[in-house]
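Trainee: no FASTA, just this:
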Ligand SMILES: [Zn+2]
């Protein structure tokens, strides 16, 4: 026999489940996340990696759109630097877009390849200059890597790389210059048999979900999500 109390409890749980995929209360957040789908077809944009049937510039857009959708479903304000493949953006233009949205975090989504096809795993790059931007990037990166590792991708860690002008990667350099903690997330190697096996068995959506949970968990850990 189903009592009224049970029905109310069940319906309440179903409602919470419907609006909160992370099993949490939905609360309006102050945090602003900007996602940068790496590459695209624009003049200023490197086309990105391609290794049939995987094409980086479209995959980054698909993943970023899903992360945005999931973060918004738990009350995190989220923007994209581009929402189609024809938007023409330089690297400093992407950082400027993030700044215009008041970004607390800038996450650039990428997929990797290597010449000999022998590298695999997920790696995150953060500013190597030290200070708050590096610290937040490292913490955010590790939170994402915890999820991608659980999904099956090897954890290559959060890394910094310096060049002759400071941070080696332009987006990190420009994002940090805007005082936005900025990371580059290299999801996996689309040319490597180990990563291709994980990607084909778990799917792109699972990777995006892992990223969204990692970002959300980080925001929660620093009191910017509930
Ligand atoms: Zn890339």
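Mentor: Done, it's in. All of these numbers come straight from a predicted model, not from anything done at the bench.
Trainee: kindly report the residues of the protein close to the ion.
Mentor: With the criterion set to Cβ under 5 Å from the ion, the chain comes near the ion through 38, 110. (C-beta placed from N, C-alpha, C; glycine too.)
Trainee: give me the residue from the chain nearest the ion.
Mentor: residue 110 (3.5 Å; Cβ to the ion).
Trainee: count of residues packed around the residue nearest to residue 182 when sequence neighbours are not counted?
Mentor: Leaving aside its sequence neighbours, residue 182 sits nearest to residue 175 (Cβ to Cβ, 6 or more residues apart in numbering; 2.9 Å). Residue 175: 33 surrounding residues under other Cβ atoms under 10 Å.
Trainee: need the contact partners of stretch 113-124.
Mentor: With contacts defined as Cβ atoms under 8 Å, 6 or more residues apart in numbering, stretch 113-124 is touched by 49, 51, 112, 137, 140-142, 144-145, 148-149, 153-159, 183-195.
Trainee: helices along this protein, start to end?
Mentor: Along the chain, counting by DSSP state H, helices occupy 4-19, 56-73, 91-100, 131-151, 170-177, 193-202, 204-221.
Trainee: looking at those, which has the lowest confidence?
Mentor: Ranked by mean pLDDT, those bottom out at helix 4-19, with a mean of 36.
Trainee: doesn't residue 155 make contact with residue 210?
Mentor: No: contact status for residue 210 versus residue 155: not in contact, 11.9 Å apart, counting by Cβ atoms under 8 Å.
Trainee: any shared contact partners between the two?
Mentor: residue 148.
Trainee: neighbour-wise, which of the two wins?
Mentor: Neighbours were counted for residue 210 and for residue 155 using other Cβ under 10 Å; residue 210 has more, 25 against 15.
Trainee: what sits against residue 216?
Mentor: Neighbouring residues of residue 216 by Cβ under 8 Å, 6+ apart: 22, 70, 71, 74, 76, 225.
Trainee: farthest-separated two in these?
Mentor: 70 and 225 (12.1 Å; Cβ to Cβ).
Trainee: for residue 156, which non-adjacent residue is spatially closest?
Mentor: Leaving aside its chain neighbours, residue 156 sits nearest to residue 123 (3.8 Å; criterion: Cβ to Cβ, 6+ apart).
Trainee: report the beta-bridge partner residues of the one you found.
Mentor: Beta-bridge pairing of residue 123 under DSSP bridges involves residue 186.
Trainee: over to residue 50?
Mentor: When assigned by DSSP bridges, residue 50 has beta-bridge partners residue 55.
Trainee: that's all I had, so thanks and see you.
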